[in-house]
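**Q** need a 3D model of the sequence below.
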Amino acid sequence: MRFNPKADISGGRVSDAGRGGGGGGGPMRIPLPGGTRAGGGIGGLIIIILFVVLTQCMGGGQPGGGGGSSTQGQGQGQGEPEGIDPDDERYANCKTGADANSDADCARKAVALSLEQYWATTLPEQGGTEFTPANIKTFAGAVETGCGQASSQVGPFYCPPDQQIYLDTTFFADVLEGQLGGQGGDFVEPYVLGHEYGHHIQNLMGTMGRVRTQQGPDSDAVRLELQADCYAGMWTRDASDGDGILTDLDEGDIREALDSAKAVGDDRIQQKSGQGVDPEGWTHGSSEQRMAWFTRGYQEGTLEACDTFSASSL
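**A** I've put the predicted structure just below:
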């Protein structure tokens, strides 16, 4: 994966909350439908299981998640949204695609802009819904969010109330590659960001309000997560055709995305935990399902093709 060195990436909506993010690093408490609550991570592979559960709580479990009423600016040149500092020290020097080719932080900013530009066009055209950009915030240790306080143990997640994607960048080396055995690669993080941005699109479309069943191989929660994988595939298809920001996106990058989808499948996580595979506890879908729906989005490139809620089988 490479970026167009002449591309202007200064409009990428990424900021850094720093270490601690204004919080004390304690466990996160997030309300779920029905009044139940989810707690923070513990350690080891249990962290990954909680990553699955908590991202579902924030990315898929919020009832009535339509967020299209926001009046934040859209696209480049419309001003910085609330919570994004254009002079953020971590990303201040990320101006061009050339910067993205030499710096991982700048690459993140370029991917953010690519996702925003893609969905700013695709969502109104295919979904008939007004688009509002999501913000991406990196942090270390802990961070305060519209969903409560999150620790780095949670992993990447999307929070509907503040329409932000939160990312502790150590997740990829420490967890995805280290604990789950993913192969890694430079397209792994873009795939994850594409998935989380997919949750933002679901929030704007009101799809999150369709989630009633939280666990099981055919549950609404699994359908929501597989749809986000499919949306990530849609964006990847556009980026691989050359979107003016990303260039030289090849089959190796697609394999990295598929490997990541495989690594975070519920069956793979359960196997790593040593507790055996129990489909009734699934919240995100199996490795095979996650790879299949990403591939479907990549091959077909439409919201209609990604309608997991109408699919008779997953």
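**Q** phi and psi next, for the residue nearest to Asp162 when sequence neighbours are not counted.
**A** Spatial nearest neighbour of Asp162, excluding adjacent residues (CB to CB, 6 or more residues apart in numbering): Gly146 at 3.2 Å. Heads up, the C-betas are built off the backbone N, CA and C, glycines and all. Backbone torsions of Gly146, given as degrees, to the nearest 10, read phi -70, psi -10.
**Q** now do the longest helix anywhere in the chain: which elements does it pack against?
**A** Counting by DSSP state H, the longest helix found in the chain is helix 220-240. For helix 220-240, the elements it packs on are helix 46-59, helix 104-122, helix 188-205, helix 251-263, helix 287-300, judged by 3 or more CB pairs under 8 Å, 6 or more residues apart in numbering; DSSP states H and E.
**Q** extract the C-alpha trace of the second one and format it as CSV.
**A** When you say that, I think you mean helix 104-122. The C-alpha trace of helix 104-122 is given here as CSV (Å, rounded to 0.1, in the frame of the first residue of the first chain):
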residue,chain,number,x,y,z
ALA,A,104,2.4,5.7,10.4
ASP,A,105,0.6,8.6,12.0
CYS,A,106,0.3,10.4,8.7
ALA,A,107,-0.8,7.2,7.0
ARG,A,108,-3.7,7.0,9.6
LYS,A,109,-4.7,10.6,8.7
ALA,A,110,-4.6,9.8,5.0
VAL,A,111,-6.8,6.7,5.5
ALA,A,112,-9.2,8.8,7.6
LEU,A,113,-9.6,11.2,4.7
SER,A,114,-10.0,8.5,2.2
LEU,A,115,-12.8,6.9,4.2
GLU,A,116,-14.5,10.3,4.7
GLN,A,117,-14.4,11.1,1.0
TYR,A,118,-15.6,7.7,0.0
TRP,A,119,-18.6,7.7,2.3
ALA,A,120,-19.4,11.4,1.6
THR,A,121,-20.2,10.3,-1.9
THR,A,122,-21.4,6.7,-1.4
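**Q** list the helices and strands that helix packs on?
**A** Judged by 3+ CB pairs under 8 Å, 6+ apart, helix 104-122 is in contact with strand 14-19, helix 97-102, strand 135-140, helix 188-205, helix 220-240, strand 246-247.
**Q** contacts only, for the most centrally placed residue in the chain.
**A** Nearest to the mean C-alpha position of the chain, by CA atoms, centre = their mean, lies Glu196 at 1.7 Å. Contact analysis of Glu196 by CB atoms under 8 Å, 6 or more residues apart in numbering lists Gly59, Pro156, Phe157, Tyr158, Ile165, Leu167, Ala228.
**Q** hmm, try it at 10 Å
**A** Glu196 is in contact with 55, 58-59, 115, 134, 136, 156-159, 164-167, 228, 231-232, counting by CB atoms under 10 Å, 6 or more residues apart in numbering.
**Q** one more: Asp220?
**A** By CB under 10 Å, 6+ apart, the residues touching Asp220 are Gly60, Gly61, Thr207, Met208, Arg210, Val211, Arg212, Thr213, Gln214, Thr308, Phe309.
**Q** ok, the last one to Val222 distance?
**A** Shown here: Phe309 relative to Val222, a distance of 11 Å by CB to CB, to the nearest Å.
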